[in-house]
Every structure is written in C-alpha cells, then in structure tokens.
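Q: When you get a sec, could you give me coordinates for this:
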Amino acid sequence: MAKSNLMPLSEMHFPPSCVVCLSPAIKQFPVEQIFSYGRKNYTVKVDVPMCQPHSEAASYKGPVERLFGCLGVAGGVLIGILSVVFLLLRWQGEGGFLAKFFVGGIFGFGMFILAWWVIAILIAPRFAVRESKEARGAVKIIRFQPWDQMTQLEFGNESYAEFFNRTQ
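A: Residues are numbered from 1 along each chain as shown. Predicted coordinates for the structure are as follows:
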C-alpha cells in the first residue's frame, strides 16, 4: 500500500537516496502535475532523487511507447487535415474562401492538438515497459493547495516514505 505525506512545498527536502530502491541517488528526476483552481492553473514540480539505473528507466521510452508517440503526431495531422477539408466542403455560411480556410485552419489545429494529446500523452504511457512505469510512478503528486503551498505526495516505496517522513 502506498504511503502519502502532506507538507508545504518549500519545506520538502528529499533524502539523498533513490526513491525506488533506497540506494545512493545520483540524479534528479522531475515529477510534474498540473492543478486547476478556478481560472488559474498551477504546475507543481518536484525533483525526486534516483539512482542511475532508475533514472535511465524513468526516462526510457520503449519501442511501443515511441510508436504511439509517432502515431499521435501522424493521427493528429491526419485528423487536423480532414477537419479542415470537411469544414471547407460543408460550410454553408457567408464569407469567402479565405475566411473559410482561416476558420478551418484554427479548427483543424485544435483537432490536431486534441488527437495528439489523447494518443501520445494519454495512451502511449500505458504501453511503457514495466521498469519505466515503476520508476515514473515512484512518487506522485496527489494534491496541491495554492493558498498555503501544501502538497501531498504519494510514495510507491513505503520504506522510502518512512525515511522521508523522518528526515523532515
């Protein structure tokens, strides 16, 4: 079972050992999460310590994950172009070709971004190799309160969570 810890972001100091295996840490791996409160977005970034093998595993993208990243771009381009063509052919309103093309371009770009995001950002990480998933999921940012900078982290390694709590 994962352990979590709630504390101010400014007071968060990680012990110099890997969050996955507790061996001496050599690198920092950034963990980011975006939180929305009303109209404001807050990007919370925490650099977690990792040993060399786990840092490489967290950064590694396997062939299937890379393939889905490329499919996200290709699928986004295809859907964007099809959206522009569909809008140009089906537009019944007033306006010349240039106005139709401009609005179609904006709509097509939006469809490209949406298709790319769904395929490359949401679906592709699900096909990561097991070691990469384990290293990337060692620390998760669960909650952030912007008014007092309270941040809740969830640790995959219970031993490291206890070690982290003792060093604070």
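Q: Quick check: buried residues in the longest helix along the chain?
A: Counting by DSSP state H, the longest helix found in the chain is helix 63-90. Neighbour counts using 16 or more other C-beta atoms under 10 Å place 65, 68, 69, 71, 72, 75, 76, 79, 80, 83, 84, 87 of helix 63-90 among the buried residues. To be clear about C-beta, it is placed using only N, CA and C from the backbone, and glycine gets the same treatment.
Q: Which residues belonging to stretch 107-123 are considered buried?
A: By 16+ other C-beta under 10 Å, the buried positions in stretch 107-123 come out as 108, 111, 112, 115, 116, 119, 120.
Q: how about the residues you listed in CSV, adding distance to residue 22, secondary structure and pLDDT?
A: Below are those laid out as CSV (distance: C-beta to C-beta, whole Å; DSSP: H, G, I helix; E, B strand; the rest coil; pLDDT from 0 to 100):
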residue, distance to residue 22, secondary structure, pLDDT
108, 50, helix, 90
111, 46, helix, 92
112, 43, helix, 93
115, 41, helix, 92
116, 38, helix, 92
119, 36, helix, 91
120, 33, helix, 88
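Q: between those, which is nearest residue 47?
A: Among these, residue 120 lies closest to residue 47 (C-beta to C-beta), at 24.0 Å.
Q: Tell me how far the residue of the chain most remote from its centre lies from residue 104.
A: Each residue of the chain has a distance to the centre, and by C-alpha atoms, centre = their mean the biggest one is for residue 94: 41.7 Å. Here residue 94 is placed at a distance of 15 Å from residue 104 (C-beta to C-beta, to the nearest Å).
Q: With residue 28 instead?
A: Taking C-beta to C-beta, one finds residue 28 at 44 Å from residue 104.
Q: Looking at those two, which one has more neighbours?
A: When neighbours are counted by other C-beta atoms under 10 Å, residue 28 and residue 104 differ, and residue 104 comes out ahead with 22 against 13.
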